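> got a predicted model here, sequence first, then my questions.
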Amino acid sequence: MTNRCGYIAIVGRPNVGKSTLLNRLLGQKLAITSHKAQTTRHSILGVKTVDGGQMLFVDTPGIHARGGSALNRYLNRTARATLADVDLVLLLLEAPRFTSEDELALKAVIAAGRPTIAVVNKIDLMRDKTALLPYLGALGRRHAFADIVPVSARRGDQLERLEQLILAQLPEADNLFPDDQLTDRSERFFAAELLREQLTRRYGEELPYQTTVEIERFEDQGGRYLIHALIWVERPGQKAIIIGHRGEALKAAATQARHAMQALFDRPVHLEVWVKVKDSWSSDEAALASLGYSER
Ligand SMILES: Nc1nc2c(ncn2[C@@H]2O[C@H](COP(=O)(O)OP(=O)(O)OP(=O)(O)O)[C@@H](O)[C@H]2O)c(=O)[nH]1
């Protein structure tokens with residue numbers, strides 16, 4: 001039987017469901033390893049091993065960065081270089097819309113010139129399924145996609161079919177990773193992401209995009225993880241919002257993040273979180289480093 005293995009980038013405008021799709025495709029049981037893969041061309045977010053091969057989902061730098069113009073981000077150079085270098089692109093769209101941002105994402109995809117599957121997400125929201133056909137037809141006229149697949153990332157509809165279509169587009173090759181490896185990102189990276197996810201959910205637009213999460217300490221203490229996280233904001237007012245009245249807001253966010261970490265790492269987690277204000281001068285990387293992360 002042929003084995004296939006290759007790199008896949010997921011692109012699409014904000015909020016179209018990229019993270020949901022990636023999480024669904026990778027499944028819930030993320031057994032994270034912190035070992036960096038040796039010879040990969042890309043920064044890998046997720047590895048999915050199936051009968052018949054391995055799908056390597058890669059990060060597309062610039063495409064998820066917050067802030068700035070979304071339109072420019074699609075066209076930035078790093079993102080373009082990544083797209084041009086993968087084996088397959090998934091262009092995520094949301095039925096039945098096609099916005100100007102979708103148009104830009106499509107342009108970036110066409111410029112990259114790689115085989116592309118159009119994945120039409122959120123079909124569960126469409127009451128009138130007959131409206132889907134003309135939408136898919138119109139998409140087919142916009143570009144010669146390798147396939148066009150309607151899915152619901154949230155409900156998992158049609159994802160098995162999507163997986164088969166993805167695999168069929170990948171080159172014949174041996175698997176690059178051991179079958180049980182799911183990512184080359186560190187647990188530290190995921191700890192920061194899970195906390196940032198809680199902040200985004202809780203504070204939404206109130207949260208300035210300059211807010212960053214740093215993991216300053218990550219220790220395995222005999223099966224339990226001790227994690228110290230710093231949330232960096234730009235102004236004291238933002239610190240007050242994040243902390244909330246008597247610290248309730250931050251406590252709630254940290255508790256949720258800790259539960260998510262425990263589920264992901266499959267072990268108890270002790271999480272401590274501090275919020276720190278950095279002056280505008282310290283947005284300069286060098287200055288930030290010289291500040292040190294130990295004082296609080
Ligand atoms: N109804 C429905 N909602 C979905 C589906 N897929 C994703 N969503 C929702 O759409 C919203 C955005 O999903 P994300 O996965 O965060 O989208 P994203 O493209 O990663 O967003 P950015 O990080 O902003 O680029 C979330 O509220 C999801 O729950 C779907 O198939 N059906």
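Yep, it's here. Numbering: from 1, shown residues only.
> contacts only, for the residue lying closest to Arg154 once chain neighbours are set aside.
In space, Arg154 comes closest to Thr20 once its chain neighbours are excluded; the distance is 5.9 Å by Cβ to Cβ, 6 or more residues apart in numbering. From N, CA and C alone the C-beta is placed, and that goes for glycine too. Taking Cβ atoms under 8 Å, 6 or more residues apart in numbering as the contact definition, Thr20 lies against Asn121, Ala153, Arg154.
> and Glu216, which helix or strand is it part of?
In the assignment (DSSP states H and E), Glu216 maps to strand 212-221.
> cool, Gln164 as well?
Going by DSSP H and E, Gln164 is in helix 159-169.
> list the buried residues in that helix.
Neighbour-count burial for helix 159-169, counted by 16 or more other Cβ atoms under 10 Å, picks out Leu159, Leu162, Leu165, Ile166, Leu167, Gln169.
> show the average pLDDT along that helix.
This predicted structure assigns helix 159-169 an average pLDDT of 96.
> number of nearby residues for the closest residue to the ligand within the stretch 101-250 of the chain?
Proximity of the stretch 101-250 of the chain to the ligand (Cβ to the nearest ligand atom) peaks at Arg154, 3.4 Å away. Other residues lying near Arg154 total 14 when counted by other Cβ atoms under 10 Å.
> residues in contact with it?
Contacts here follow Cβ under 8 Å, 6+ apart; on that basis Arg154 touches Gly17, Thr20, Arg24, Lys122, Asp124.
> now stretch 120-130, how far from the chain's geometric center?
How far stretch 120-130 lies from its chain's middle: 23 Å, per Cα atoms, centre = their mean, to the nearest Å.
> and the stretch 1-150 of the chain, which residues reach the ligand?
Listed as neighbours of the ligand in the stretch 1-150 of the chain under the rule Cβ under 6 Å from any ligand atom: 12, 14-20, 64, 121-122, 124-125.
> which among these count as buried?
Looks like those have Gly12, Val16, Gly17, Lys18, Asn121, Lys122 buried, using 16+ other Cβ under 10 Å.
> show me those that map onto helices.
Among those, the members falling in helices are Lys18 (criterion: DSSP state H).
> now the strands for the stretch 51-200 of the chain?
Applying DSSP state E, counting those that start in this stretch to the stretch 51-200 of the chain gives strands spanning 53-58, 88-94, 116-121, 147-150.
> who does the shortest one touch, helix- and strand-wise?
Just to be clear, that refers to strand 147-150. Applying 3 or more Cβ pairs under 8 Å, 6 or more residues apart in numbering; DSSP states H and E, one finds that strand 147-150 contacts strand 116-121, helix 132-142, helix 159-169.
> also the first one?
Counting contacts by 3+ Cβ pairs under 8 Å, 6+ apart, strand 53-58 packs against strand 4-11, helix 18-26, strand 44-50, helix 159-169.
> what does that strand contact?
Residues from elsewhere that reach strand 53-58 (Cβ under 8 Å, 6+ apart): 3-10, 22, 25-26, 40, 42-48, 82, 86, 163, 166-167, 170, 173, 175-177.
> put the buried members of the residues you listed into a ChimeraX selection.
Of those, the buried ones go into a single ChimeraX selection, burial set by 16+ other Cβ under 10 Å:
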select :4,5,6,7,8,9,10,22,25,26,42,44,45,46,47,48,82,86,166,167,170,176,177
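> next, give me the two most distant ones among the residues of the stretch 1-150 of the chain next to the ligand.
When Cβ to Cβ is used, the two most widely separated members of these are His64 and Asp124, lying 23.8 Å apart.
> pLDDT weak spots in the stretch 51-200 of the chain?
Across the stretch 51-200 of the chain, the stretches falling below the confidence threshold (pLDDT under 70) are 60-78, 180-185.
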